[in-house]
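Engineer: Okay, sequence plus prediction incoming.
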Amino acid sequence: MLRLERVSKRFGGVVATDGVSLEIAAGEVHALIGPNGAGKTTLVGLISGALASDGGAILFEDRTITAMKQHDRVRAGLARSYQITSIFRRLSVLDNVALAVQARSGSSFSFWRPLEKETRLFDEARSILEAINLQAKATTPAATLSHGEQRALEVGLALATQPKLVLLDEPMAGMGPQESRSMIELIERISAGVTVLLVEHDMDAVFRLADRISVMVDGRMIATDTPEKIRANPEVRRAYLGDEVPA
Amino acid sequence: MKTKIPVFVLLVLFPLAMLWADQLFYVSFASRVMIYAIAATSLNLVLGYGGMISFGHAAFVGTGAYVGSILVAEGVTSAFIGWPAAIAVSALAAWIIGAISLRTRGVYFIMITLAFAQMMFYLVNSMKAYGGDEGLSLRQRPSLLFDLGNEVAFYYVVLFLLLLSIFLLYRLMRSRFGRVVVAIRENEARAEAVGFPVYRYKLVCFVIAGAGAGLAGALLASHGKYVNPNVLHWVQSGTLMIMVILGGVGHLWGGVLGAAVLLGLEHLISDYPIGWLASLAPNYQQHANLGVGLVMLAIVLFAPQGIAGLMERRKNASP
């Protein structure tokens, strides 16, 4: 579904992504782990198109998208969520999701007809709110949601674009155990229909959800394998997992 | 709605009352306020709704003013041709300037829009064929189906165009396009990440605002039968920004309220001397901007949503 071929990105003298190759198969939940500063978020930026790569190629469904703009990638079915919550804070929860639905349903160069009349659009947005368990909060401003709810909306905005591949950048960041559990359940549910690239530090979640795991250290991909083999990989253990996961 | 109908009736009756009282100066003054209201409203679209801090809006007002005036000077006296031409050329100018400026953000955007406007200011200064730095006087106002030389007729035309502009803005902000513009203001990165080609939307918004400013410019030149390069000067851009901030950034009536209060205040300070102040500072009336500055300071400190925001808050507070 997605293939990276020796993709690299430098910020000044810092090599954030150093010739990374990666293949994500259709239907899988592919986890990307690595210590802080390994370049995981940069990689998400490169795949989503928010950042331009300095070298290498990115292929999505066998099409080269290396030079494609971010909004065109979204339309092709490649959406992301953010590690640091990025929502339309002053708009209502429903309006947030409705905007994402609007983005993929027809042209928005429409200057006269009131949006409220498009009931289909809002019906769709409501069904997404149901999926992320926020239907009760539809009319509240997004800024007043709890942290966990904002994280759910963050994922909901990505889902509302109806992606084929969704890039989730640390969806559990800053969550308590209760909230994490419902996020794991949400990702389990969506992974039935969507391919997922999951960047996450929460190892319980990663080992529970992932079909395959890739490990990044210092901008390089050091391993891609099944969870069992990653767990046993000595290089990975040395670089990252440490004592966190019992053998 | 309850307050809007009486205000509308007042605006319709105003010139008749002034006619009866033989105070046509005030009809002309009100027309000028409404023309500035159109200009400020168009700036509010980019600045308030779109979140693009354009410091060069006078460029589009000026373009409209010069296009309208040059056509009249060349003998095209029909406003049906002159005003739409001013709108079209201003929109084109906004398209060119916007296409370049909107590739930048923040302070750079402010600076580049300012730079373009100043370039155009010096350009019209050097247009010797059309008055250069002395400006261009017209022998007459352009005409519609009737003579616009009549202050009362001109007033009603401007009133109609102002209400039309407000209505268009109202519809625009409730449309799909308007929602996207607000979304971009709120969170540009996210708007792009849900699939909106952000740059294109910003550019179209910028062009619509430029077109509105072009209309205001053409009206301004028609009204005064005179245009000079100062209409493009950066101070003019600043005045329009002050109007928007004073009236209410991102409020439907923000531009109208800001224009009315700012011009009204200027007029009051310079035309109605206050005895005790004049004895303290004999020249104070030549520094009307000081008074305006103090009001501006108060608004920014105590009512950052402007006058429209204040009125909304009061409406929500009282049942």
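Structural biologist: Structure's in. What do you need?
Engineer: tell me the SS of the residue most central in space within chain B?
Structural biologist: Among the residues of chain B, the smallest C-alpha distance to the mean C-alpha position (CA atoms, centre = their mean) belongs to B:Ala39, namely 1.7 Å. Secondary structure, DSSP: H, G, I helix; E, B strand; the rest coil: B:Ala39 is helix.
Engineer: Quick check, pLDDT for A:Pro246.
Structural biologist: Here the pLDDT value assigned to A:Pro246 is 50.
Engineer: Over to A:Leu153?
Structural biologist: In this prediction, A:Leu153 carries a pLDDT score of 96.
Engineer: helix or strand for it, which one?
Structural biologist: helix A:147-159 (DSSP states H and E).
Engineer: The next helix or strand after that helix and chain B in contact?
Structural biologist: Beyond helix A:147-159 on the C-terminal side, the first helix or strand identified by DSSP H and E is strand A:165-169. No. For strand A:165-169, no contact with chain B is found by CB under 8 Å from any CB of the partner chain; the gap never falls below 10.0 Å. Using the backbone N, CA and C atoms, a C-beta is placed for each residue, glycine as well.
Engineer: for the spatially closest residue to A:Gln135 that is not a sequence neighbour, what are its contacts?
Structural biologist: The shortest distance from A:Gln135 to any residue other than its chain neighbours is 4.5 Å, reached at A:Leu129 (CB to CB, 6 or more residues apart in numbering or on different chains). Contacts for A:Leu129 were tallied using CB atoms under 8 Å, 6 or more residues apart in numbering or on different chains; they are A:93-94, A:97, A:135, A:137-138, A:156.
Engineer: what pLDDT does the residue in the stretch 101-250 of chain B that chain A sits nearest to get?
Structural biologist: In the stretch 101-250 of chain B, the residue found nearest to chain A is B:Gly195; the distance is 3.6 Å by CB to the nearest CB. The per-residue pLDDT reported for B:Gly195 equals 95.
Engineer: Could you look up the SS state of it?
Structural biologist: Taken by three-state DSSP, the conformation at B:Gly195 corresponds to coil.
Engineer: Got the phi and psi for it?
Structural biologist: The phi and psi values for B:Gly195, taken as degrees, to the nearest 10, are phi 110, psi 10.
Engineer: Chain A: helices as residue ranges?
Structural biologist: A:40-48, A:70-76, A:93-104, A:119-131, A:147-159, A:177-190, A:203-209, A:227-232, A:234-236 (DSSP state H).
Engineer: likewise the stretch 201-319 of chain B?
Structural biologist: For the stretch 201-319 of chain B, applying DSSP state H, counting those that start in this stretch gives helices covering B:234-247, B:254-271, B:275-280, B:288-302, B:306-317.
Engineer: Redo these as CSV? Include mean pLDDT, mean neighbour count and distance to A:Val217.
Structural biologist: Converted to CSV, the helices of the stretch 201-319 of chain B look like this (pLDDT from 0 to 100; neighbours: other CB atoms under 10 Å in any protein chain shown; distance: least, CB to CB, whole Å):
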stretch, mean pLDDT, mean neighbour count, distance to A:Val217
helix B:234-247, 95, 22, 50
helix B:254-271, 92, 21, 53
helix B:275-280, 78, 9, 73
helix B:288-302, 83, 13, 50
helix B:306-317, 83, 15, 52
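Engineer: between those, which gets nearest to chain A?
Structural biologist: Between chain A and the helices of the stretch 201-319 of chain B, the tightest spacing by CB to the nearest CB is seen for helix B:306-317, at 13.9 Å.
Engineer: Are the closest one and chain A in contact anywhere?
Structural biologist: No. Judged by CB under 8 Å from any CB, helix B:306-317 and chain A are separated, with a smallest distance of 13.9 Å.
Engineer: what's the distance between the residue of chain B positioned farthest from its centre and B:Leu294?
Structural biologist: Relative to the centre of chain B, the most outlying C-alpha is that of B:Ser279, 35.7 Å out, by CA atoms, centre = their mean. Taken as CB to CB, to the nearest Å, the spacing of B:Ser279 relative to B:Leu294 amounts to 20 Å.
Engineer: How about the residues of chain A by chain B?
Structural biologist: Proximity of chain A to chain B, by CB under 8 Å from any CB, involves residues A:48, A:50, A:69-72, A:74-75, A:79-80, A:82, A:86-91, A:95, A:99-100, A:102-104, A:107-116, A:118, A:157-158, A:160-161.
Engineer: Poorly predicted segments of chain B, please.
Structural biologist: Low-confidence segments of chain B, defined by pLDDT under 70, are located at B:1-2, B:317-319.
Engineer: give me the number of residues near A:Gly148?
Structural biologist: Applying other CB atoms under 10 Å in any protein chain shown, we find 18 other residues in the vicinity of A:Gly148.
Engineer: for it, what are its contacts?
Structural biologist: Shown in contact with A:Gly148 (CB under 8 Å, 6+ apart): A:175-176, A:178-179, A:182-183.
Engineer: Can you report phi and psi for residue 174?
Structural biologist: With no chain named, the answer covers chain A. Reported as degrees, to the nearest 10, the phi and psi values for A:Gly174 are phi 70, psi 10.
Engineer: that's the wrong chain, I wanted chain B
Structural biologist: According to degrees, to the nearest 10, B:Arg174 has phi -100, psi 0.
Engineer: Spell out, range by range, the helices that occur in the stretch 1-150 of chain B.
Structural biologist: With helices called from DSSP H, counting those that start in this stretch, the stretch 1-150 of chain B shows them at B:4-20, B:24-44, B:58-73, B:79-101, B:106-125.
Engineer: what's the angle from the first one to helix B:24-44?
Structural biologist: Computed by axes from the mean of the first three to the mean of the last three CA atoms, to 10 degrees, the angle separating helix B:4-20 from helix B:24-44 equals 140 degrees.
Engineer: contact partners of helix B:4-20?
Structural biologist: Under CB under 8 Å, 6+ apart, the answer for helix B:4-20 is B:24, B:26-27, B:30, B:151-152, B:155-156, B:159.
Engineer: Report the two of the residues you listed separated the most.
Structural biologist: For the contacts of helix B:4-20, with distances taken as CB to CB, the pair at the greatest spread is B:Leu24 and B:Leu159 (15.6 Å).
Engineer: In terms of neighbours, single out the busier of these two.
Structural biologist: Shown here are B:Leu24 and B:Leu159; by other CB under 10 Å, B:Leu159 has more neighbours (18 against 15).
Engineer: Name the helix or strand for that one, please.
Structural biologist: Going by DSSP H and E, B:Leu159 is part of helix B:151-174.
Engineer: Need the contacts of A:Leu129 in CSV (columns: neighbour count, distance to A:Gly12 and pLDDT).
Structural biologist: As requested, the contacts of A:Leu129 are exported to CSV (neighbours: other CB atoms under 10 Å in any protein chain shown; distance: CB to CB, whole Å; pLDDT from 0 to 100):
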residue, neighbour count, distance to A:Gly12, pLDDT
A:Val93, 28, 39, 97
A:Leu94, 20, 42, 97
A:Val97, 32, 38, 97
A:Gln135, 14, 46, 95
A:Lys137, 20, 42, 96
A:Ala138, 18, 44, 96
A:Gly156, 25, 35, 96
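Engineer: Spell out which residues of the stretch 51-200 of chain B are next to chain A.
Structural biologist: Where the stretch 51-200 of chain B comes near chain A, counting by CB under 8 Å from any CB, the residues are B:171-172, B:174-180, B:182-183, B:186-187, B:189-198.
Engineer: A:Glu235: neighbouring residues, count only.
Structural biologist: 11.
Engineer: give the contact list for the nearest residue to B:Ile299 once chain neighbours are set aside.
Structural biologist: Taking CB to CB, 6+ apart as the measure, B:Ile299 lies nearest to B:Leu246, with 5.6 Å between them; neighbours along the chain are not counted. Contacts for B:Leu246 were tallied using CB under 8 Å, 6+ apart; they are B:257-258, B:261-262, B:295-296, B:299, B:306-307.
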